[in-house]
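pasting the sequence and the predicted coordinates here, then a few questions.
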Number of protein chains: 2
Amino acid sequence: MSITANDPNRKTWLEVPANSDFPIQNIPFGVFLTRDDVITIGTRIGDTAIDLGALHQLGYFEGIPLTDDIFLQDTLNDFISDGKKTWRLVRNRIADIFDANNASLRDNEEHRKVVLFTLDEIEMQMPVQVGDYTDFYSSKEHATNVGTMFRDPDNALLPNWLHIPVGYHGRSSSIIPSGIPIHRPQGQTKAKDATEPTFGPSQRVDFELEMAFITTDANHLGEPIPIEEAEDYIFGLVLFNDWSARDIQTWEYVPLGPFLAKNFASSISPWIVTLDALEPFRTESPKPEKKLLPYLQYEGKKSFDINLEVFLKPENGEENKLVQSNFKYMYWNMSQQLAHHTVNGCPVISGDMMGSGTISGPTPDSYGSMLELAWKGEKPIKLKDGSERKFIEDNDTVIMRGYCEKGDYRIGFGEVSTKLLPVFEPKKK
Amino acid sequence: MSITANDPNRKTWLEVPANSDFPIQNIPFGVFLTRDDVITIGTRIGDTAIDLGALHQLGYFEGIPLTDDIFLQDTLNDFISDGKKTWRLVRNRIADIFDANNASLRDNEEHRKVVLFTLDEIEMQMPVQVGDYTDFYSSKEHATNVGTMFRDPDNALLPNWLHIPVGYHGRSSSIIPSGIPIHRPQGQTKAKDATEPTFGPSQRVDFELEMAFITTDANHLGEPIPIEEAEDYIFGLVLFNDWSARDIQTWEYVPLGPFLAKNFASSISPWIVTLDALEPFRTESPKPEKKLLPYLQYEGKKSFDINLEVFLKPENGEENKLVQSNFKYMYWNMSQQLAHHTVNGCPVISGDMMGSGTISGPTPDSYGSMLELAWKGEKPIKLKDGSERKFIEDNDTVIMRGYCEKGDYRIGFGEVSTKLLPVFEPKKK
């Protein structure tokens, strides 16, 4: 089935600001609370949010096999379970409904009133209930930087890194949408020269620039997903800020990996941009440097050219651009990650989220974390207001943005913006 | 509120076999499929399964604030969300309904017909939808054994181990109830003397004897749970077999921890025994060997005296007892684990599952994994049929059982039994 929603020549009867991340060719999926305190599934064109539940009730999806309540839910999990064919039919139909030449909704004021919202009338929610969250470690530049800093510059990459898309399990319950502030975590740390650990606020709170993909129901317990089928099970992507507390991590992570250093929060952009919408931006992954085992070998372009940016905004200050990176720098692609994740028969279901790992590029301005940008604190970052940063300070806001662009054709992710509040103070009893 | 359900003198009008794990003082909670293909929440007394959905519809829980459909669900998550006071009221009421002196259900044949099932009429399901699964590493003997084998006998424990209840995130989607067979996983391994990894079936599939506790909604993002409140948020426990592929683990686990070596399957016993039912079996934890940071300090008895056993049954063979261990050997108790898990503000919700880590005791017959029992394969285990085991072989069944006992008073967990099938063969197209 062709993805008619991607037609670059299509215009819409909705107003779309110049350089919008959300032209009619994007059609992402999200969940929002409306002005009437109702939760619904929706999409967005320009700065207009569209209630898909209302559209469906009004009959605009006639002919597409959907249950009556598929969009009247507080997560996208069931819709994602419907599978790629259904997502494509719905996205094509939405493009058609909002096509400049289609009068049915355009000229029906009563319908428009219940379907369309301005952005200040809605509040974005978590788009999915995340079953399991896995974080990979798939940027060679990031793994090399970390290995150089903490181990041995001559053997920065560990022996398994070029053979395995290394990954580990993260915490689902602390994944939050853009806009929700977080508190500086407390925990155990141990100074290098100390004999005993101490307890207190982390002094090295960091962001990690990542993207995450969301899956549909893919396989049963025991059954691997072949790499050539992997993309059939990927619904779409979001921006992902994998908040990290470096000092907690250093003390806790041997031998079982990061735990409290990561699970206090991870933030995502709330609109899931479908893999279909990213189709025009396919690109090559870096060439494998080692011969891969057959289950990780692939053909064709399995990566995507997505510009990624990170900004830091101090309290009452201006935004400072810290990072300019790209999703395409990832050494291991999503198909390899999913094939690896399931090669032992691990089941993947609708709503699972898989992070890329910090995406660093080849140049210092493309490093995806403060740890790397300020090189363990040795090279503090100067901000416009004259202050310096080694890590993130209280009341700083970290904003990540991402978009694909080819001439005038732009598909964006919006942003994930998260403010770091001071340590949580329990109410006195 | 007193736990009248624990009255040791109470008799029931149901038949209870001698030495049953499920006397009227237990009253665990589970989910089962009935003879009519309906899923319901239930409990068990002796060898009788009891449909709590039916009991509720018939009015037996009158006076307890419960929604009408609280037991007509396919998981216990909502009931667990209702909180400790409600669990206690329900358990006390069930004890009352089945008390030998209570005629209301006993003498109502029509009601009994819809409420009671024999065990062969039901099929146990997963009792909860697991949001997040965390695995701790809380047995000092196990950590010491592993450290001795793979690192340095003189420094077997890593520096953080006596300060932190070390834990990591596991995979929820592959947690299965007793009775579901699993396939031998495939994956990458690298022989010590090889330069490149190879792909194939794991040659070192192992069990890990653990228990896991299940939580209720405990805290909001950013808010720690104080250690003295931790038990308020623990619903109950199950037996937990954390299947492991040792050869896959060795190659993959640096630096981010175990991943595919663990996430192919974990099996649980299907009846959740409440913390309330275990109350008479409280016991001391091992004395801390280091001064603990205040958030990990506790008062009173926070561990439980639970006998744990592991059996191996070859295809068509007899059961061989491999392990006799006890939950009380755990160095870190559940209150410490939960306080640590949330000290950074990580939110814990209804249905989360937290594994103890392999529970090994001080003597070789109490080691909780084949890795330790057969000491890396150096001391193969002899079975009754004359065969030997270094790890688990195809078509072996691993069975774990657990129970508390004081004289005649016994509270048990039943069993978790899982058969290891050969590698999965995809159907030819």
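Arrived safely, thanks for sending.

burial check on the spatially closest residue to A:Arg171 that is not a sequence neighbour, number of neighbours?
Nearest non-adjacent residue to A:Arg171, counting by Cβ to Cβ, 6 or more residues apart in numbering or on different chains: A:Asn263, 3.6 Å away. C-betas here are computed from N, CA, C, even on glycine. Each residue near A:Asn263 was counted by other Cβ atoms under 10 Å in any protein chain shown, and the total is 29.

B:Trp332 versus A:Asn263, what's the distance?
Per Cβ to Cβ, to the nearest Å, A:Asn263 is found 18 Å from B:Trp332.

what sits against A:Glu210?
Each residue near A:Glu210 by Cβ atoms under 8 Å, 6 or more residues apart in numbering or on different chains is listed here: A:135, A:239-242, A:355-359, A:368.

nearest to A:Met400, of the residues you listed?
Checking the contacts of A:Glu210 against A:Met400 by Cβ to Cβ gives A:Leu239 as the nearest, at 4.8 Å.

wasn't A:Phe117 part of a helix?
No - counting by DSSP: H, G, I helix; E, B strand; the rest coil, A:Phe117 is not found in a helix; it is strand.

surely it touches A:Leu52?
No - if you go by Cβ atoms under 8 Å, A:Phe117 and A:Leu52 don't touch, sitting 11.7 Å apart.

shared neighbours of the two, anything?
With Cβ under 8 Å, 6+ apart, A:Phe117 and A:Leu52 have common neighbours A:Gly42.

okay, now A:Ala143: neighbour count?
For A:Ala143, using other Cβ under 10 Å, the count is 22.

quick one: it is in a helix?
Yes - membership of A:Ala143 in a helix is supported by three-state DSSP.

list the contacts of it.
Per Cβ under 8 Å, 6+ apart, neighbours of A:Ala143: A:137, A:156-158, A:161, A:166, A:357.

now with 10 Å, please.
A:137, A:156-158, A:161-162, A:166, A:331, A:357-358, A:360, B:255 (Cβ atoms under 10 Å, 6 or more residues apart in numbering or on different chains).

ok, A:Leu72 next?
Counting by Cβ under 10 Å, 6+ apart, A:Leu72 has contacts A:38-41, A:51-54, A:56-57.

what about the helices in chain A?
Applying DSSP state H to chain A gives helices spanning A:52-57, A:77-81, A:84-97, A:103-106, A:109-115, A:140-150, A:246-252, A:275-278, A:334-342, A:370-373.

the ones you listed: which one's closest to A:Ile24?
helix A:84-97 (5.9 Å).

which residue does the stretch 151-300 of chain A have closest to chain B?
Proximity to chain B, evaluated over the stretch 151-300 of chain A using Cβ to the nearest Cβ, is greatest for A:Gly257 at 2.7 Å.

what values do phi and psi take at that residue?
Note on A:Gly257: its backbone torsions stand at phi 100, psi 180 [degrees, to the nearest 10].

ok, it to B:Phe61 distance?
44 Å.

pairing partners for the longest strand along chain A, with directions?
Across chain A, the longest stretch assigned as strand under DSSP state E is strand A:409-421. Sheet pairing for strand A:409-421, assigned by DSSP bridges, gives strand A:182-183 (parallel), strand A:397-406 (antiparallel).

my guess is A:His220 contacts B:Ala265. True?
No - applying Cβ atoms under 10 Å as the test, A:His220 and B:Ala265 come out as separate, 12.0 Å apart.

neighbour count for those two, which is higher?
Counted by other Cβ under 10 Å, A:His220 and B:Ala265 do not tie: B:Ala265 has more neighbours, with 27 against 9.

neighbours around A:Gly300, how many?
The number of residues packed near A:Gly300 is 9, by other Cβ under 10 Å.

list the contacts of it.
Shown in contact with A:Gly300 (Cβ under 10 Å, 6+ apart): A:228, A:231, A:282, A:284, A:335.

same check on A:Thr342?
A:218-219, A:222-227, A:230, A:233, A:295, A:348, B:260, B:263-264.

adding mean pLDDT, write the strands paired with strand A:409-421 out as a markdown table.
Putting the strands paired with strand A:409-421 into a markdown table (pLDDT from 0 to 100) gives the following:
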| stretch | mean pLDDT |
| --- | --- |
| strand A:182-183 | 98 |
| strand A:397-406 | 98 |
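
cool, thanks, signing off.
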